[in-house]
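> Let me see the structure of the following:
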Amino acid sequence: MSLEKFFHLKENHTDAKTEIMAGITSFMTMAYILAVNPNILAAAGMDHGAVFTATAVAAFIGTLCMALFANYPFALAPGMGLNAYFAYTVVLGMGYSWQVALAAVLTEGIIFILLSLFNVREAIFNAIPFNLKKAVSVGIGLFITFIGLQNAKIVIGSSTLLSLFSLDGYNATLTGGVQATWNDAGITVLLAIIGVIITAVLVARNVKGNILWGILITWLLGIICQLTGVYVPSAELGFYSLLPDFSAGISIPGIAPIFAKFSLQGVSILEFIVIVFAFLFVDIFDTLGTLIGVASKADMLDKDGKLPRIKGALMADAIGTTAGAVLGTSTVTTFVESASGVSEGGRTGLTSLTTGILFLLSLFLSPIFLAIPSFATAPALIIVGFYMLGAVTEIDFKDAAEGIPAFICIIAMPFFYSISEGIAMGVISYVVINLVTGKKKKVGPVMAVLAVLFILKYILM
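I've put the predicted structure just below:
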């Protein structure tokens with residue numbers, strides 16, 4: 001069967017060349033995840049190289065499913081925000097192992113498959129107030145930005161809780177007698193700040209693949225600093241060589257250290273349910289919001305504002321998440337960066353198929369992606385935070401019963417260092433405020449049940 005017949009190119013007013021170019025564009029705007037995701041999940045104790053391979057393969061599987069099940073030009077990969085929740089909330093914050101977090105992602109994926117089969121996901125999505133949906137996006141944006149600032153050491157711990165980087169301040173946080181210098185910690189902070197400015201300029205000028213280019217340029221500046229002696233690697237402090245290691249040739253890192261490593265050891269059933277629910281909650285709104293937003297840009301919505309074949313698109317997301325958990329990575333979701341491919345004319349699954357194949361081919365470039373340091377990926381986190389923060393303009397702050405719960409949800413995520421706590425605080429405050437002020441009609445049964453479950457969590461734990 002030809003590409004024309006399989007993807008219905010003429011019917012969608014496109015051709016193979018346009019679709020392939022659109023797929024390349026989508027990959028360029030999304031490829032930063034290949035550098036960022038291993039860095040984030042490595043903070044949870046996972047093998048850096050194995051996570052890279054899992055990220056690329058999971059992106060391929062999810063995106064391939066999108067092409068085959070829905071024939072849409074949307075690409076999938078392990079999502080930003082959900083990987084941060086995995087590493088920084090569940091593992092580093094709650095103290096559970098990454099194996100427990102992977103079990104939660106697997107459970108989420110299986111539940112998603114069931115919910116997608118019976119169209120429950122749309123029902124849940126519709127039950128959550130609009131302002132709270134937007135608040136979740138904004139809060140995650142602030143949380144990701146905070147993580148980027150921390151990873152780059154731009155923000156460090158101090159007697160005032162947090163402060164701007166200084167060598168004396170940073171050394172005060174170190175133990176074991178090691179001391180940082182300008183040539184390791186100092187220069188990387190400066191490079192990260194320069195990287196933010198470079199990425200911001202690229203974004204402002206609408207350069208295709210701006211976030212990826214920002215990472216690569218920042219990394220290249222670091223390599224120049226290393227070659228000229230301005231940057232000196234210090235393994236003791238966690239500052240490694242920035243040069244790709246091709247000593248083993250072109251080889252794909254194995255995923256054995258993280259493949260199907262699930263565990264429920266040390267976690268109570270109720271706490272596990274809360275962890276799974278947070279993954280579910282964020283992914284539901286992330287995926288549906290992205291699908292509707294990007295589809296709207298491509299004029300794919302019907303006269304009622306609904307997306308045809310959405311069941312196949314949601315199933316692709318669910319299968320991608322399940323496969324990703326088995327491979328050893330966090331939740332796979334539809335990327336808003338797919339809009340870049342759509343803007344280049346992508347209208348069918350051939351666009352997403354092209355993107356998926358490029359993710360698979362990127363496995364052979366692992367030494368390059370694995371050499372990219374956290375100070376080079378930090379600007380990507382900060383700029384992604386900027387994108388997500390934009391949703392704040394859609395929140396109705398004039399209505400206090402809507403605006404205050406949204407505000408609580410937003411500030412709780414970075415201040416409590418937890419996406420799930422932000423969601424819980426937002427839901428509870430929304431239900432309580434609206435019930436007490438006599439606005440019972442605004443509190444549906446789904447919201448009421450969620451509020452009770454979250455309150456029970458705090459009482460019993």
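> any weak-confidence spans in the protein?
Where the chain drops to pLDDT under 70, the residues are 1, 122, 125-126, 248-249, 293, 296-298, 301, 304-306, 460-461.
> residue nearest the centroid of it?
Met80 (0.9 Å; CA atoms, centre = their mean).
> Look through this structure and tell me its longest helix.
helix 269-297 (DSSP state H).
> what comes up buried for it?
Neighbour-count burial for helix 269-297 flags 271-272, 274-292, 294-295 (criterion: 16 or more other CB atoms under 10 Å). Every C-beta, even on glycine, is put in place using the N, C-alpha and C of the backbone.
> Distance from the chain centre to it, please.
11 Å (CA atoms, centre = their mean, to the nearest Å).
> That helix: what's the following helix or strand?
Downstream of helix 269-297, the next assigned helix or strand under DSSP states H and E is helix 310-327.
> Quick one: list the elements packing against that next one.
Helix 310-327 sits against helix 48-69, strand 76-78, helix 98-117, helix 269-297, strand 332-334, with contacts defined as 3 or more CB pairs under 8 Å, 6 or more residues apart in numbering; DSSP states H and E.
> quick one: contacts for the residue nearest to Thr188 when sequence neighbours are not counted?
Among residues not flanking Thr188 along the chain, Phe375 sits closest, at 4.2 Å (CB to CB, 6 or more residues apart in numbering). Phe375 makes contact with 151-153, 188-189, 191-192, 195, 218, 222, according to CB atoms under 8 Å, 6 or more residues apart in numbering.
> The longest helix of the chain vs helix 48-69, what angle?
With axes from the mean of the first three to the mean of the last three CA atoms, to 10 degrees defining the directions, helix 269-297 sits at 50 degrees from helix 48-69.
> what angle separates helix 269-297 from helix 310-327?
Using the same axes, to 10 degrees, helix 269-297 lies at 130 degrees relative to helix 310-327.
> Any chance you could list what contacts whichever strand or helix holds Ala339?
Using DSSP H and E, Ala339 falls within helix 338-343. The contact list for helix 338-343 (CB under 8 Å, 6+ apart) reads 22-23, 25-26, 28-30, 73-75, 208-209, 290, 293-294, 297-298, 351-352, 355.
> among these, which are in strands?
Using DSSP state E, no member of the contacts of helix 338-343 falls in strands.
> Can you tell me which of the residues you listed are buried?
Buried members of the contacts of helix 338-343, scored by 16+ other CB under 10 Å, are 22-23, 25-26, 28-30, 73-75, 209, 290, 294, 298, 351-352, 355.
> With just CA atoms, put stretch 25-33 into PDB.
The C-alpha coordinates for stretch 25-33 follow below in PDB (Å, rounded to 0.1, in the frame of the first residue of the first chain):
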ATOM      1  CA  THR A  25      10.700  20.000  12.100                       C
ATOM      2  CA  SER A  26       8.800  18.400  15.000                       C
ATOM      3  CA  PHE A  27      11.800  16.200  15.800                       C
ATOM      4  CA  MET A  28      14.100  19.200  15.900                       C
ATOM      5  CA  THR A  29      11.800  21.100  18.400                       C
ATOM      6  CA  MET A  30      11.400  17.900  20.600                       C
ATOM      7  CA  ALA A  31      14.900  16.400  20.500                       C
ATOM      8  CA  TYR A  32      15.900  18.300  23.600                       C
ATOM      9  CA  ILE A  33      14.100  15.700  25.600                       C
END
